[in-house]
Structure formats: C-alpha cells, structure tokens
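>>> Prediction below, plus the sequence it came from.
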Amino acid sequence: APSELIEKATMALMGSQWTSTFEVVAEQPEGESTITLNMSMQDLTHFSAAITMTAEDPFEGEVTQNHTIMCDGEFLYADIDGIAEMSQGMFNGPVKIELPALLGMMDMEEAPTAEDMMPMIAGMIGTMPLAEEGSTEKIRRYTATSDEEGSMTVCFDAVTFFLSSVEAVNADGSKMSITAKDTAIVEEFEEGHFTFNGEAQDVTAMLAMMGGGGGAAPADEDLEF
C-alpha cells in the first residue's frame, strides 16, 4: 500500500481529535449482525466509545447489547452488558483499571503515540494489494481483489484522510461493511467530556493478581493456610 496512505490514515485516526459514528455490518450465513460505535478521540489515553451490538439469535431472535468504554488518562472504564454472567459474579457493574497497570500488563511503559502505531497500521494495510481507483475531489478510493481473499474497497476523506467507508466481500460470500457518519474534527473537547459518570469497581489489583502481577511474599514471612 502507498506510504502516503499509511501515514495519513494513521495520523487522521490516532493523531487527531475527532468524533464519529461507525456502523459495522457483517452478513454471515447464520444472519446479520450490526455494531454501532459512537466514538470520541482526543488521544490514545483520552477516548470514549458507546457501543450497540445487534445480532440474530436462533433461540431469542434479535438480541441487543449496549457497552461503554472510556479512558480519562488515569483509568480505563468499561460498562459491559452481562458482565456479571461473563465473569461468574466476579464483577457486578462498571469496572475500572488504572491505566499504568493496564499498560504494564501489555509490557508497555507508556501509552503509544500515533507514530508508534504506524508500523502496526502499515502491517495491516500492507497485507492488502490496494491500488487507488475511482478517486474524486472528495474521496480517495482504494481497491483490492484476490481470488483467495475476495475483494475490498476502502475510502478516505480526500482532505483529512479520515476513514470514510470499507466494503469487503470474502471468497465464501460473506460480507462486511464499515461506514463512518457525522465525522467532525474537534479543536478542543469541553472539560469533563471524558469523565465517567457513576461509580465503578476498581479491579486493578484483582487483574494484576490474575495476570501474575502480584508481589511475591517475603521468604522469611510465616504463611498461614
């Protein structure tokens, strides 16, 4: 893929301040599922996403779940539908984890910058033989076709290079589309925009212990069981 595409697309998505609504639609043989993400991004430590997921269940019919993910620079918050059932009662409501601890679990000393993310984006985009085709004054359009993988069309805003849409058809006939709506570049977010409303259970210590991050007991300390 062109280096211009990789650099500009990465900086637009991760190196600028914006709000947008992404609608992701997947068409599979078993049915259609939709994910709507209302997102705000200041940087990689200040962002929020309100997520609505709708899918067809063979027993319950249409099922909808709502989730919220937010990071205020100090904590990452998650309010997940059904978290009590998924965690077998370990978590009962919104949870939060200290951002430095979360980064440590990922073997990172500090949050990455947009420039740091560029090799990852290059690796993702670089695997697709994208060629510019059908661009206009408003849209930069790239396409790729493979007998093994299927076809893909990716469009970006011609001025900002912010993602506009993705359409993919796999070799097995399944389809996936992403559409960005109401995208706006923000000069400055209002104070409190990335503040989580309500109480959240701090699970930092619990996750650190589960991940093996708990400190070892001193060798000379008597342990009782």
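Structure's in. What do you need? Everything numeric in this text was worked out from a predicted model, so none of it was measured. Residues are numbered from 1 along each chain as shown.

>>> my guess is M11 is in a strand, correct?
No. M11 sits outside any strand when classified using DSSP: H, G, I helix; E, B strand; the rest coil, being helix.

>>> Surely I121 touches S3?
No. Taking contacts as Cβ atoms under 8 Å, I121 lies outside contact range of S3: 11.2 Å. To be clear about C-beta, it is placed using only N, CA and C from the backbone, and glycine gets the same treatment.

>>> For those two, indicate the residue with more neighbours.
Applying other Cβ atoms under 10 Å to I121 and S3 shows that I121 carries more neighbours, namely 19 against 10.

>>> where's the more buried one relative to N38, distance?
23 Å (Cβ to Cβ, to the nearest Å).

>>> what about the residue nearest to the spatial centre of the chain, is that helix, strand or coil?
With distances taken as Cα atoms, centre = their mean, A49 lies nearest the centre of the chain, 8.3 Å away. In terms of secondary structure, A49 is strand; the call rests on three-state DSSP.

>>> low pLDDT regions in the chain?
1-2, 124-128, 211-225 (pLDDT under 70).

>>> So which residues of it form helices?
Using DSSP state H, the helices found in the chain span residues 3-14, 83-86, 99-105, 114-126, 204-210.

>>> If you count contacts, what does the first one end up packed against?
Contacting helix 3-14 under the criterion 3 or more Cβ pairs under 8 Å, 6 or more residues apart in numbering; DSSP states H and E are the following elements: helix 114-126, strand 150-157, strand 163-170.
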